[in-house]
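Participant: test case, fold it:
(2 chains)
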Amino acid sequence: MDQLLQHLANAVIVGGTYALLGIGLTLIFGIMRIVNFTHGELYAFGGYMMYFFAVVLGMNFYMSIAFAICAGMLLGAAIEFLLLRSKRGADIDTTMLIMIGAWIVLQNTEHLAWGSIAKSIDSPFAIEPVTMGPISLSRIRIFVLIVAVALIVATYVLINRTKLGKAMRATFQDSSTAALMGINTSAIYTITFGLGSALAAAAGALLGPVFVVTPTMGDLASLKAFAIVILGGLGNITGAVFGGFILAFVEEMGASYISSGYRDAMGFLIIIVVLLFRPTGLFARSERVG
Amino acid sequence: MNRFLPLIVLAFFVSVPLWLTDQYYLHTLVVCGIFMLAAMSLNLLLGYTGQLSLGHVAFFGIGAYVSALTSLGFSVSIFGYQITHDPWPPVVGVVLGGAVAGLCGYLIGKLAFRVRGAYFVIVTVSFAEVIRLISLNWIELTNGPLALPGIPPLTLGFEPIGYLTLWDKAANFYVVLTFIVVTYIIIKRLIDSPYGRAMIALRENETLATSVGISVTRYLVLAAVFAGTIAGVSGTLYAHYIQIIDPAIFMFLNTVTMVIMVITGGKGTLAGPVVGGLIFGIAPVILRKYVGPEVQWILYGSLMILIVFVLPEGIVPAIERWFGRASAKNSELALEPGKGARS
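Facilitator: Model (predicted):
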């Protein structure tokens, strides 16, 4: 029982960052109809920017996270502006091919720029864990969970409570009518992509100090983000949050009670099972944002 | 001209081992041919049925592993039963590898074609990733990350004639070339048949095709079985030629290589994957002298983006249109619109 509680706590901790990755991807798909293969690379980029600001420049830990998130947002906006703006309205396969190309370019640029040796980032948190009854958790991971939840809530408020969020939802529902109502839909697309990328970079910047930063860290992150988003239904933000926690829970249980080697396979098995029985995701109302 | 072009190209490639004595270049061509074969099978899905399958490397790898294990033998225990398999000749492995990959094509096709677009792509990627993780973790069978070394090369021949083991590169070159020619003819026959026309109809307008009575899943699954089998056979050739395989064979980048070959050459054309395969099979040899592997991949990625922007149909349709225009001018014969764009 104690062991089970510990596993549950671990799942919640990991689920926070998974949810962060998932909502970034689902937002981009929901509003722009683009399967973003660069999502994992932006996650890795966030990790590297964290390394750059915190270790190379020696900046404050918390400031570095903020800067890394901003850098991710700028890179995302640049990708949208350069590669996707002129392909608006193209079919989904065309943009997918562009994003795969961009993914390869980004990953190998990271290889070239930082080398293939993993980088580690020191955190200002004490190493000894916090113990609550039978559960013990490391301090940095609790910090990561708190920031992740704060960012998820902020995104939720942004989309549901602000004028910009209203414009994003309107663009999602009917982009031509939204444009007729005076919404600059091109700007909305760039902002959406930047926001989704910022969330991916945030996940990378938060997990960088927990694990290490490597050029290939984005591959698995991309694939897991796909699994999370499929679980929740493409374009469904609430679904992605639940999807993140469900995936973390299944992985944790699978790894501890079945086989740790297949931890990463759980997500894909979930995808296959979900699509077999509920092709539109577990939380399908209809595909929508918000 | 158009009739004889494939024969001229074929004659050229038959002559290659006679004058190309550099073993390294010959090796490059053999590997290039194997990937070209896989790209031709991917083209069936990507080009003719219009389904962007990004799990193609799974069929390739399954073929390679099945054939390697058939010819090496193995001993595993499943649910307490010990299953031991003694080594069989590599030729049997090639047949079995193709068959098992085709069966996987059937199963995954039945599953994945329930969904379309983004969902389909993600299912195919997941499928390949699950297979990669199995090959990495089922150490008793696959030897995991330690690889399967010492796979015997292909042996051809019959009892009264004698046997020929394909140790040298020229012999392997001819085997791969034969497979490419046979596959080319099979795919051409398939596309020219009512089955092929049904597939193309599905690509062009699925709703319309369904309304005239074309069973969507049936034809898509059929394409997946053909594609899986051919990719599986190319994987078996790879295993017996390289003689060592490990789970890295399932890398997503290998799928990307096949996709780049198809879209650069021209998806939905017979010659497209051949042209694209040659370009991307030979490019590394030239690039290797100047740049490292990272820069090479950056160039591939950039080229992929560039092709989508500048030449979305690929090289072959562009050349065909160019020649078509030239000959139409000469003979003052108007071409039917769209003819020759996809053959």
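Participant: contact residues of chain B facing chain A?
Facilitator: B:50, B:52, B:111-112, B:114-115, B:117-119, B:121-123, B:125-127, B:129-130, B:133-134, B:136-137, B:252-253, B:256, B:259, B:263, B:292, B:294-295, B:297-298, B:300-305, B:308-309, B:312 (CB under 8 Å from any CB of the partner chain). (Each C-beta comes from the backbone N, C-alpha and C, glycine too.)
Participant: what number of residues lie near residue 110?
Facilitator: You didn't pick a chain, so chain A it is. Residues contacting residue A:110 under the criterion other CB atoms under 10 Å in any protein chain shown number 23.
Participant: my bad, chain B
Facilitator: Neighbours of residue B:110 (other CB under 10 Å): 13.
Participant: tell me how far the residue nearest to it when sequence neighbours are not counted lies from chain A.
Facilitator: The shortest distance from residue B:110 to any non-neighbouring residue, by CB to CB, 6 or more residues apart in numbering or on different chains, is to residue B:221 (5.9 Å). Distance from residue B:221 to chain A, counting by CB to the nearest CB, to the nearest Å: 15 Å.
Participant: which strands and helices sit next to the longest helix seen in chain B?
Facilitator: For chain B, the helix with the greatest residue count under DSSP state H is helix B:216-242. Counting contacts by 3 or more CB pairs under 8 Å, 6 or more residues apart in numbering or on different chains; DSSP states H and E, helix B:216-242 is packed against helix B:23-43, helix B:56-72, helix B:90-112, helix B:169-192, helix B:194-204, helix B:206-211.
Participant: now do that helix against helix B:169-192, angle only.
Facilitator: For helix B:216-242 against helix B:169-192, the angle by axes from the mean of the first three to the mean of the last three CA atoms, to 10 degrees is 170 degrees.
Participant: how about the contacts made by residue B:296?
Facilitator: Going by CB atoms under 8 Å, 6 or more residues apart in numbering or on different chains, residue B:296 touches B:283-284, B:287-288.
Participant: what of residue A:215?
Facilitator: Under the criterion of CB under 8 Å, 6+ apart, the neighbours of residue A:215 are A:44, A:107-108, A:110-111, A:114, A:116.
Participant: count of neighbours near residue A:230?
Facilitator: Neighbourhood size, residue A:230 [other CB under 10 Å]: 32.
Participant: can you check residue A:229 too?
Facilitator: Neighbours of residue A:229 (other CB under 10 Å): 33.
Participant: elements contacting the helix or strand it falls within?
Facilitator: According to DSSP states H and E, residue A:229 maps onto helix A:217-232. On a contact count with 3+ CB pairs under 8 Å, 6+ apart, helix A:217-232 meets helix A:2-32, helix A:39-51, helix A:92-114, helix A:185-207, helix A:237-257, helix A:265-277, helix B:117-137.
Participant: by mean pLDDT, show me the worst of those.
Facilitator: Mean pLDDT per stretch puts helix A:265-277 lowest among the helices and strands packed on helix A:217-232, at a mean of 79.
Participant: return the set of buried residues in that helix.
Facilitator: Neighbour counts over helix A:265-277 (16 or more other CB atoms under 10 Å in any protein chain shown) mark A:265-272, A:274-275 as buried.
Participant: one step back: next secondary structure after the longest helix of chain B?
Facilitator: The helix or strand immediately downstream of helix B:216-242 is helix B:252-265, counting by DSSP H and E.
Participant: dump that following helix to PDB, keeping only the CA atoms.
Facilitator: Below are the C-alpha coordinates for helix B:252-265, written out as PDB (Å, rounded to 0.1, in the frame of the first residue of the first chain):
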ATOM      1  CA  PHE B 252      12.600   7.000 -37.000                       C
ATOM      2  CA  LEU B 253      15.300   8.600 -39.200                       C
ATOM      3  CA  ASN B 254      15.200   5.500 -41.400                       C
ATOM      4  CA  THR B 255      11.500   6.100 -42.100                       C
ATOM      5  CA  VAL B 256      12.300   9.700 -42.800                       C
ATOM      6  CA  THR B 257      15.000   8.700 -45.300                       C
ATOM      7  CA  MET B 258      12.300   6.600 -47.100                       C
ATOM      8  CA  VAL B 259       9.800   9.500 -47.000                       C
ATOM      9  CA  ILE B 260      12.400  11.900 -48.400                       C
ATOM     10  CA  MET B 261      13.200   9.500 -51.200                       C
ATOM     11  CA  VAL B 262       9.600   9.200 -52.200                       C
ATOM     12  CA  ILE B 263       8.600  12.900 -52.000                       C
ATOM     13  CA  THR B 264      11.800  14.100 -53.700                       C
ATOM     14  CA  GLY B 265      11.500  11.700 -56.600                       C
END
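Participant: packing partners of it?
Facilitator: So helix B:252-265, by 3+ CB pairs under 8 Å, 6+ apart, packs with helix A:92-114, helix B:23-43, helix B:56-72, helix B:117-137, helix B:272-288, helix B:293-310, helix B:315-331.
Participant: any idea which of those helices is most buried?
Facilitator: Most buried of these, by mean neighbour count (mean count of other CB atoms under 10 Å in any protein chain shown): helix B:56-72, with a mean of 28.
Participant: identify the residues contacting residue B:188.
Facilitator: If a contact means CB under 8 Å, 6+ apart, then residue B:188 has residue B:270 as its contacts.
Participant: okay, it: pLDDT?
Facilitator: At residue B:188, the pLDDT value in this model is 92.
Participant: gap between it and residue B:38?
Facilitator: 18 Å (CB to CB, to the nearest Å).
Participant: and residue A:280, by the same measure?
Facilitator: Distance from residue A:280 to residue B:38, by CB to CB: 32 Å.
Participant: before we move on, what about residue A:85?
Facilitator: Per CB to CB, residue A:85 is found 34 Å from residue B:38.
Participant: got the contact list for residue A:221?
Facilitator: If a contact means CB under 8 Å, 6+ apart, then residue A:221 has A:21, A:39-40, A:43-44, A:200, A:203-204 as its contacts.
Participant: can we see that at 7 Å?
Facilitator: Residues in contact with residue A:221 (CB atoms under 7 Å, 6 or more residues apart in numbering or on different chains) are A:21, A:40, A:43.
Participant: same check on residue A:17?
Facilitator: Per CB under 7 Å, 6+ apart, neighbours of residue A:17: A:144, A:148, A:203, A:206-207.
Participant: any chance of those in JSON lines, plus distance to chain B?
Facilitator: Putting the contacts of residue A:17 into JSON lines (distance: CB to the nearest CB, whole Å) gives the following:
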{"residue": "A:144", "distance to chain B": "25"}
{"residue": "A:148", "distance to chain B": "23"}
{"residue": "A:203", "distance to chain B": "19"}
{"residue": "A:206", "distance to chain B": "24"}
{"residue": "A:207", "distance to chain B": "20"}
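Participant: what residue ranges in the stretch 51-200 of chain B score low on pLDDT?
Facilitator: For the stretch 51-200 of chain B, applying pLDDT under 70 flags the ranges B:157-163.
Participant: check the nearest residue to residue A:280 once chain neighbours are set aside and give its pLDDT.
Facilitator: Leaving aside its sequence neighbours, residue A:280 sits nearest to residue A:233 (CB to CB, 6+ apart; 5.5 Å). Residue A:233 is assigned 82 on the pLDDT scale.
Participant: rewinding a little: would you format the helices and strands packed on helix B:252-265 as JSON lines with distance to residue B:182 included?
Facilitator: Output for the helices and strands packed on helix B:252-265, formatted as JSON lines (distance: least, CB to CB, whole Å):
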{"stretch": "helix A:92-114", "distance to residue B:182": "29"}
{"stretch": "helix B:23-43", "distance to residue B:182": "10"}
{"stretch": "helix B:56-72", "distance to residue B:182": "16"}
{"stretch": "helix B:117-137", "distance to residue B:182": "26"}
{"stretch": "helix B:272-288", "distance to residue B:182": "14"}
{"stretch": "helix B:293-310", "distance to residue B:182": "29"}
{"stretch": "helix B:315-331", "distance to residue B:182": "21"}
